[in-house]
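Engineer: My questions are about this predicted structure, shown below with the sequence.
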Amino acid sequence: MIILFVVLAGLMFFMSSRSRKQQRAQQEFRSQLAPGQEVMTGSGMFGTVVEIDDASDTVTIESAPGSQTRWLRAAIAKRVDTPVEDEDETVVTDEASETGTITSGDDHVDVPDDLSGLDTAQREYREQQRREDGGSDAAK
């Protein structure tokens, strides 16, 4: 019985120390916030930090040009890193066919902008199969 209590006390200690480490990391992250950083709030809103008020512990975030909101510093969940674009990969859009072409070196891949292009390709494939099957039946 005593061993069980010792094991439970040990588990509680390790769990609380891990959560304290996470809280310290979050506090450090929030203390290092600076204007110009892109962040996400706990509720999922993305925006750019415009101003930090240490006295009231609030952060002003601009989610769209001219649309600023104030949040508690504790509501900021994480910093969003903008992805770096690959220099040798470009996307070219052909507006007439509504497909994009990804060019990376010598390889070209056509990518449809929506699912309707996939439906059309499947329909054309079925029609071609019917023609081929119909042509072989007529030859017999």
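Structural biologist: That came through, no problem.
Engineer: which residues in the protein form helices?
Structural biologist: 2-31, 116-139 (DSSP state H).
Engineer: Pick out the shakiest of these, pLDDT-wise.
Structural biologist: The weakest mean pLDDT among the helices of the chain belongs to helix 116-139, with a mean of 71.
Engineer: Please identify which of the helices of the chain is closest to residue 71.
Structural biologist: helix 2-31 (10.9 Å; CB to CB). Every residue, glycine included, has its C-beta placed from N, CA and C.
Engineer: now for that closest one, which elements pack on it?
Structural biologist: Helix 2-31 sits against strand 76-79, with contacts defined as 3 or more CB pairs under 8 Å, 6 or more residues apart in numbering; DSSP states H and E.
Engineer: and the protein, what are its domains?
Structural biologist: Domain assignment for the chain by automatic domain parsing gives 1-32, 33-82, 89-139.
Engineer: circling back: any chance of the helices of the chain in TSV with distance to residue 49 and mean neighbour count as columns?
Structural biologist: Shown next, in TSV, are the helices of the chain (distance: least, CB to CB, whole Å; neighbours: other CB atoms under 10 Å):
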stretch	distance to residue 49	mean neighbour count
helix 2-31	11	10
helix 116-139	40	10
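Engineer: okay if I get the ones you listed as JSON lines plus distance to residue 77?
Structural biologist: Formatted as JSON lines, the helices of the chain follow (distance: least, CB to CB, whole Å):
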{"stretch": "helix 2-31", "distance to residue 77": "9"}
{"stretch": "helix 116-139", "distance to residue 77": "36"}
